[in-house]
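Peer 1: Mind folding the following:
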Amino acid sequence: SRLTLLPHLHLLLLSPITFAKTWNAIKSTTAFIPSKNLLTTTTNSKQHDLHHHLVSSFQKHSTSSSLFSKPFYQDYANEGGIYKPFATYAWEKIQQNKQFLQLNTQNQNIPNELQFNSSPAKGGNAPEGTCVQISVQSLLPSPEKKSVMRMARFALLETLTPSSSSGDKMECVTNAIHVLNLVLFPNPNLVSLSLPILGIDLVTLPGGKHLVAIDFQPILPLSEQQQQDEEETIKREILPSKYNMHQEALSKLHSHYCLCENTTLPWGGDIPPAAQRFFSPYAVWTRLSGDDGLNVLKNDVWDVFVDYLDLYIDLMKEVVQQDKDDDDDDDDEIKQNTAIQNGHTDYLNYRRANDPARPMLRSLYGEEWTERLIEGVLFPMLSFSNE
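Peer 2: Sure thing, here's the model as predicted:
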């Protein structure tokens, strides 16, 4: 069951003026749910839709032309592979908010030859002309400015084949490999702010198997108590206390999608011990298969993707607003900042060393190109000396 209170949760994150305007706009629509019903449970599709309208438009600086312009997977599914709509939505959303996220420079850290590659699909069943393409995009802050973000980046891998209706277009081969890795890195040099990384991995494998991992990934190591007590791990805070409302919103979203009785996104199984520190209590980690797997991807996983991305962007915009003038650097904060920098280094080292796509990428594009991509673009080493 789903609480109809949830669609209005994100109003709590707005400034008072924007809250009032948004609330009045909601009340003026026929989709408004009367207050006496706010605490009842429902599976009504209109209320579910209103939830996503609000989640995607609650942000204070939204550039959306309509408060209730709800994104659907189908709105972005004009071309490309299974995860092209996810990448397109995310990049448009980030671009719309790049002024507030302080991300102004595109692909500066990606050599031209690493931004795109294509290789013939391997396997005897692939139609003639079928290929596996990878594209990589990034946004970086201006080097002369202190930014809350270090980088936004995605890598999209798609299996495509020439369209039967139009020779100059490529269409999706669904029963093949498709991958999206989207990462939003906060700036590890923001003193005393232990902010999570938004990490999203969506993988489709031949045979209709899908792996989904969407999370606000913490970077500080687990305490000794947390390592020994699972309850302590579950209760750990992943955001600074000043952003408790965002953590509460994240918790509500996670419960809404993953903990309800009829969830389509069950827990995907044990996490390797070395990776457990990088998973929050609000991780969406699931495995999908069978005839309905692709439908779940295009609906429920899409909804989670949109909600988590939108909430993370709102969090970072709030960080910009609250911390842009915070230049304190006392001893405790310097120690905390060192721990944060070490946490980011640990995260990047783990991802580089354990990238599950490495063998596939080597097979498709060669060892040299693959290692340059993983080591220098996807998860590069950090230098803290002059940032």
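
Peer 1: which residues sit in contact with the nearest residue to residue 184 once chain neighbours are set aside?
Peer 2: Nearest non-adjacent residue to residue 184, counting by C-beta to C-beta, 6 or more residues apart in numbering: residue 198, 4.0 Å away. To be clear about C-beta, it is placed using only N, CA and C from the backbone, and glycine gets the same treatment. By C-beta atoms under 8 Å, 6 or more residues apart in numbering, the residues touching residue 198 are 182, 183, 184, 215, 216, 217, 308, 309, 312.

Peer 1: Let me know whether residue 153 touches residue 136 as I believe.
Peer 2: Yes. Here residue 153 reaches residue 136: they are 7.2 Å apart, a contact under C-beta atoms under 8 Å.

Peer 1: Tell me the buried residues within the contacts of residue 198.
Peer 2: Buried by 16 or more other C-beta atoms under 10 Å: 182, 183, 184, 215, 216, 217, 308, 309, 312, out of the contacts of residue 198.

Peer 1: ok, of these, which one's closest to residue 98?
Peer 2: For the buried ones among the contacts of residue 198, the residue nearest residue 98 by C-beta to C-beta is residue 184; the value is 11.7 Å.

Peer 1: ok, residue 354 to residue 178 distance?
Peer 2: Shown here: residue 354 relative to residue 178, a distance of 21 Å by C-beta to C-beta, to the nearest Å.

Peer 1: Ok, residue 285 next?
Peer 2: Here the criterion is C-beta to C-beta. By it, residue 285 lies 18 Å from residue 178.

Peer 1: Those two: which is more packed in?
Peer 2: Shown here are residue 285 and residue 178; by other C-beta atoms under 10 Å, residue 178 has more neighbours (25 against 18).

Peer 1: need the contact list for the more buried one.
Peer 2: 81, 82, 83, 157, 158, 159, 172, 202, 203, 204.

Peer 1: at 6 Å instead, please
Peer 2: By C-beta atoms under 6 Å, 6 or more residues apart in numbering, residue 178 lies in contact with 81, 82, 83, 158, 204.

Peer 1: what about it, distance to residue 146?
Peer 2: According to C-beta to C-beta, residue 178 and residue 146 sit 37 Å apart.

Peer 1: Same check on residue 355?
Peer 2: From residue 355 across to residue 146, the span is 30 Å (C-beta to C-beta).

Peer 1: Residue 249 too?
Peer 2: For residue 249, the distance to residue 146 - C-beta to C-beta - is 26 Å.

Peer 1: Neighbour count: those two, which is higher?
Peer 2: residue 249 (22 against 14).

Peer 1: my read is that one is in a helix, agree?
Peer 2: Yes. Membership of residue 249 in a helix is supported by DSSP: H, G, I helix; E, B strand; the rest coil.

Peer 1: That one and residue 287, how far apart?
Peer 2: Taken as C-beta to C-beta, the span from residue 249 to residue 287 is 26 Å.

Peer 1: Quick one: residues in contact with the longest strand anywhere in the chain.
Peer 2: In the chain, taking DSSP state E as the definition, the longest strand is strand 149-162. With contact meaning C-beta under 6 Å, 6+ apart, strand 149-162 is reached by 80-81, 87, 94, 101, 103, 121, 127, 129-130, 132-140, 170, 173, 176-185, 187.

Peer 1: Okay, and which of those map to helices?
Peer 2: Counting by DSSP state H, these place 87, 94, 101 in helices.

Peer 1: got a list of what the last one touches?
Peer 2: Under the criterion of C-beta under 6 Å, 6+ apart, the contact partners of residue 101 comprise 149, 316.

Peer 1: ok, 8 Å please
Peer 2: Residues in contact with residue 101 (C-beta under 8 Å, 6+ apart) are 94, 139, 147, 148, 149, 152, 313, 316, 317, 320.

Peer 1: can you pull out the helices in the stretch 251-387 of the chain?
Peer 2: For the stretch 251-387 of the chain, the helices defined by DSSP state H, counting those that start in this stretch cover 293-296, 302-323, 331-353, 358-365, 367-373.

Peer 1: how far does stretch 130-142 sit from the chain's center?
Peer 2: Taking C-alpha atoms, centre = their mean, to the nearest Å, one finds stretch 130-142 lying 15 Å from the centre of the chain it belongs to.
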